[in-house]
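**Student:** model the structure of this input:
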Amino acid sequence: MSEEKKVLAICPRCKGNGYFNNDIQCPQCNSSGWALINKSQAYKNCYGTYESIADKGWEARAIWVSRKE
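**Tutor:** Residues are numbered from 1 along each chain as shown. Below is the predicted model:
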């Protein structure tokens, strides 16, 4: 069984900011703004970087579903 490929994406917890409320460091990306997530849970945005499909709601899921077909 092979591992799923991971991609460097904008952190879904802090939205790339690195902090919550400007004083609490993000534990998922270690305040870098980038996190490794599974490629099946990400999509490439119009700027060429990956984002989590959970961040965009129904619009991202529609893109993700159409990519699978």
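
**Student:** show the model's pLDDT score for the residue nearest the centre of the chain.
**Tutor:** Nearest residue to the geometric centre of the chain (Cα atoms, centre = their mean): Ser52, 2.9 Å. Reported pLDDT at Ser52 in the predicted model: 87.

**Student:** try Ala42
**Tutor:** Looking at Ala42, its pLDDT reads 89.

**Student:** residues of stretch 20-33 that come out buried?
**Tutor:** 26, 29 (16 or more other Cβ atoms under 10 Å). For every residue, glycine as well, the C-beta is placed using N, CA and C.

**Student:** am I right that the residue nearest to the centre of the chain is in contact with Ala9?
**Tutor:** Yes: using Cβ atoms under 8 Å, Ser52 is in contact with Ala9, at 6.1 Å.

**Student:** what's the overlap in contacts for these two?
**Tutor:** When contacts are counted by Cβ atoms under 8 Å, 6 or more residues apart in numbering, the set common to Ser52 and Ala9 consists of 37, 42.

**Student:** quick check: phi and psi at the closest residue to the residue nearest to the centre of the chain other than its chain neighbours.
**Tutor:** Nearest residue to Ser52, sequence neighbours excluded (Cβ to Cβ, 6 or more residues apart in numbering): Pro12, at 3.8 Å. Phi and psi for Pro12, reported as degrees, to the nearest 10, are phi -70, psi -20.

**Student:** I appreciate the help and will end here.
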